[in-house]
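Peer 1: quick check, what structure comes out for this input:
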Amino acid sequence: METEIKLKLYRGDLSALLVALNQTASITAPAQVKMLDSRYYDTPDRQLGAKRIALRVRRTDAGFIQTVKTEAQGESVLFARGEWETPVPSFVPRFEGMDTLGEIFATEIERRKLIALYPPGSAAATRIEVAIDQGLIRAGSKEESVSEVELELLDGHPADIFDMGARLSEQVPLQLSIDSKSARGHRLAAGEPPRTTKADKLEFDADVSLEAGMRASLRACVQHWFANQAAVIDGRDREGVHQIRVALRRLRSAIVFFRRYIPDPPLTEFKDQAKWVASSLGPARDWDVFLTETLDPVMSLWPEHRGLRALASAAEHKRRAGYTEARMTIASPAYTVFALRLAGWIERAGWRAGLDAEQMAALERPMTELAAPLLDKLYEKALKAGKHFETLDVHEKHEVRIALKKLRYAGEFFRSLYPKKDVKRFRDALTDTLELLGKLNDLAVARELCGRLMDAGEDGGQMETGTAALLDWHERQGHVSDDALAKAWDGFRDAEPFWRG
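Peer 2: Numbering: from 1, shown residues only. Here you go, the predicted model:
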C-alpha cells in the first residue's frame, strides 16, 4: 500500500521548490534523477478502468516492472492505493484472465527523487519520499504535460505529509491534486472529462464514539470535496461545482455540530475558509443552473427567439467568468494551504491538543448521545422558521430552506444510527419540501440574474423581451403553487422525526 499526496507544480518553479524543500525538511542525500518510460494497458472495453485498476509496465535500469494499482482507499483523507509489482521480460504485460490487453497511453517522465525527514531536527521525524515528475502523457496523437511533486509516506505519522505539503505551498505555488497519471491518461485517450462524485453514505456502528463518528464525518466531507476538484478545473461536467459546494456546506455543518465538543481555535478558521471557497464557486453554479435548468427548457421551444438568444449569449459569458474565478481560487496558495492544513488536522486528531481530561472523556461517549439533542435543536429551528408558513414571502421561505438543509445534513451524518424505515419516511417528507423550495428559489435567482444581464446589456431591448418570455413561461409552466408548498410543509411537519422513535 502506498500512501501519498500529489501537488501540481508550475514548470518554472522547479528551482524554487528545491530551495523550499531544503528549508522545510532535512534532505538525506542529493536528488536521484531518472527517466521513466511507462506504458499503460487495458482491454478494448476498458474492463480494468471500470474497476478502477491501473496496469502499467515500466522500463527500469534493471529491466521491466509490471505494476497493478487500485483506487484510493482506506479510512483516511490520504490517497492510499493498493500497489503490486512483478518483474516481466518486456513491455508486454502479464495479467491473469486478460488476454486482449492493448496499450492505451504512455508516459515519458523525468523524475527527481529524494528522501526528506519532517519535521527537520526531530528525533521522531517522518520519512517522506519526494518525487518531482516532469514530462508528458501521450495517447495516440494527443498529449498532456505533467509537472507535479508527490509526497509518499515511508514511515512515521501520515499527517506529516499534509503538514509538509502546506509548508511547501506557502513558499511555492502548488495545487492539490488527486489525479493519478493513470486517470489522466485514460481520460486523455477517451476524450472524457474527470468524473464527478456524490457523497458516500456514512455507516456507523450503534456504539460508535463521538470522536470516531466526528472524525469519519469530517473525513467524508473532505474526500467528497477533493474528489470533485478536477471536474471543476476541467469545466465540462457542470456537476463538479455543485458537488464541491455541497461538500463544503456539509463540512461547515459538521464543524458547527461538533464545535461544542472540540473548542479548538482552528475550527472557526476552517469554517470561514470553507465559506470563502464555496462563495467563490457560487457564480459558476448560479449561471450553470440558469443556463441548463432555467433557460434551456424555454430555448428548446423557441430556439430562434432573439431575446432568449441574447440572454443565453450573455449568460454564457458570465458562466465562463464564473469558472475562471473558480479555477483561480483552486489554483491559489491560500486554497491549497487550507485544504492541506484541514486534512492534516483531521489525520492528526488536532483537536486533542487543547482538551482537558473531562473533554477527552466526553469524546469517548456514544455518538447517539449527541445525535438526538442536535437533531432536535435543528428540527425546532426549522419549525420556528416556518411558523405561519403560508404567510411567508420568498425571502423568508428561503430562510426555511436553509434551516431544512442544515437538518438534512445532520440527518445524513447520523442516519445509520437509526432504523432505515423511520429515516426514509422522514427524509422523503423533508426532501419533497426542499425540492419545491429549491424551485421557488431558482426562479427568484433567475429574476435577479436576468436583471443583472439587462443592466449590463447593450442589445436594444432584446434582453428585456427574452426575460419577459423566460419568466412568463416559468410562472405558467413551472411555477410552484402556494397550495403545493403548503401541502409539502404540512407533510414535513407531520412526519415523525426518526430520532424520536
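
Peer 1: remind me which residues of the protein are low pLDDT?
Peer 2: 1-2, 72-81, 458, 460, 478-479 (pLDDT under 70).

Peer 1: middle-most residue in it, spatially?
Peer 2: Nearest to the mean C-alpha position of the chain, by CA atoms, centre = their mean, lies Trp225 at 1.7 Å.

Peer 1: what residues are up against that one?
Peer 2: With contact taken as CB atoms under 8 Å, 6 or more residues apart in numbering, Trp225 is in contact with Ile244, Ala247, Leu248, Leu251, Ala339. For glycine as for every other residue, the C-beta is placed from the backbone atoms N, C-alpha and C.

Peer 1: hmm, who's touching stretch 108-121?
Peer 2: Residues outside stretch 108-121 that contact it (CB under 8 Å, 6+ apart): 21, 24-38, 125-136, 138, 146, 154, 160, 163-164, 181.

Peer 1: typo on my end, stretch 462-480
Peer 2: Contact with stretch 462-480 is made by 294-295, 297-298, 301-302, 305-311, 314, 436, 439-440, 443, 446-447, 450, 453-454, 457, as judged by CB under 8 Å, 6+ apart.

Peer 1: before we move on, the earlier item: so which of the contacts of stretch 108-121 belong to helices?
Peer 2: Those of the contacts of stretch 108-121 mapping onto helices are Leu21, Thr24, Asp160, Asp163, Met164, Lys181, per DSSP state H.

Peer 1: neighbours of Glu390, how many?
Peer 2: Counted with other CB atoms under 10 Å, the neighbours of Glu390 add up to 11.

Peer 1: quick one: it from Leu363, how far?
Peer 2: According to CB to CB, to the nearest Å, Glu390 and Leu363 sit 44 Å apart.

Peer 1: identify the spatial nearest neighbour of Asp42, chain neighbours not counted.
Peer 2: The shortest distance from Asp42 to any non-neighbouring residue, by CB to CB, 6 or more residues apart in numbering, is to Leu48 (4.7 Å).

Peer 1: mind listing what's buried in the host helix or strand of that neighbour?
Peer 2: Leu48 belongs to helix 47-50 when assigned by DSSP states H and E. Using 16 or more other CB atoms under 10 Å as the test for burial, helix 47-50 gives Leu48, Gly49.

Peer 1: next one: that helix to chain centre, how far?
Peer 2: Here helix 47-50 is found 23 Å from its chain centre; the criterion is CA atoms, centre = their mean, to the nearest Å.

Peer 1: quick one: contacts of it?
Peer 2: Applying CB under 8 Å, 6+ apart, the external contacts of helix 47-50 come out as Tyr41, Asp42, Ala54, Leu55, Met98, His186.

Peer 1: over to the last one. Which of the three states is it?
Peer 2: Classification of His186 using DSSP: H, G, I helix; E, B strand; the rest coil returns helix.

Peer 1: direction included, what does the strand with the most length in the chain pair against?
Peer 2: The longest strand of the chain (DSSP state E) is strand 102-118. Using DSSP bridges, the strands paired with strand 102-118 are strand 26-27 (antiparallel), strand 32-42 (antiparallel), strand 126-139 (antiparallel).

Peer 1: could you dump it to CSV, C-alpha only?
Peer 2: This file holds the C-alpha atoms of strand 102-118, laid out as CSV (Å, rounded to 0.1, in the frame of the first residue of the first chain):
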residue,chain,number,x,y,z
GLY,A,102,-3.7,-3.3,-25.5
GLU,A,103,-1.7,-0.1,-24.9
ILE,A,104,-3.9,2.8,-24.1
PHE,A,105,-1.3,5.5,-23.4
ALA,A,106,2.3,6.0,-22.4
THR,A,107,4.2,8.4,-20.1
GLU,A,108,7.7,9.9,-20.6
ILE,A,109,8.8,11.3,-17.2
GLU,A,110,11.9,12.8,-15.8
ARG,A,111,11.8,12.0,-12.0
ARG,A,112,13.9,13.7,-9.3
LYS,A,113,13.6,11.6,-6.2
LEU,A,114,14.9,12.3,-2.7
ILE,A,115,14.2,11.4,0.9
ALA,A,116,13.1,14.0,3.4
LEU,A,117,12.8,14.0,7.2
TYR,A,118,10.0,16.1,8.5
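
Peer 1: so which bits of that strand are buried?
Peer 2: Buried residues in strand 102-118, counted by 16+ other CB under 10 Å: 104-107, 109, 111-118.

Peer 1: max pairwise distance over those residues: which two?
Peer 2: Ile104 and Leu117 (37.9 Å; CB to CB).

Peer 1: tell me the SS of Gly121?
Peer 2: Here Gly121 is recorded as coil under three-state DSSP.

Peer 1: helices of the stretch 151-300 of the chain, start to end?
Peer 2: Assigned by DSSP state H, counting those that start in this stretch, the helices in the stretch 151-300 of the chain fall at 159-171, 181-190, 210-227, 229-234, 239-258, 265-280, 282-289, 296-299.

Peer 1: got it, and the stretch 401-501 of the chain?
Peer 2: Using DSSP H, counting those that start in this stretch, the helices of the stretch 401-501 of the chain run over 420-456, 462-477, 482-494.

Peer 1: figure out which of those helices is closest to Glu4.
Peer 2: Here helix 420-456 is closest among the helices of the stretch 401-501 of the chain (CB to CB), at 36.9 Å.

Peer 1: so which elements touch that closest one?
Peer 2: In this structure, helix 420-456 packs against helix 282-289, helix 306-331, helix 394-414, helix 462-477, helix 482-494, with contacts taken as 3 or more CB pairs under 8 Å, 6 or more residues apart in numbering; DSSP states H and E.

Peer 1: mind listing what's buried along that helix?
Peer 2: 422-423, 425-427, 429-430, 432-434, 436-437, 439-443, 446, 449-450, 453-454.

Peer 1: next: stretch 251-259.
Peer 2: For stretch 251-259, a neighbour-count test (16+ other CB under 10 Å) marks Leu251, Arg252, Ser253, Ala254, Ile255, Val256, Phe257, Phe258 as buried.

Peer 1: let me know the closest of those to Ser279.
Peer 2: Arg252 (11.3 Å).

Peer 1: go ahead and confirm that closest one touches Gln273.
Peer 2: No: the pair Arg252 and Gln273 does not pass the contact test of CB atoms under 8 Å, sitting 9.8 Å apart.
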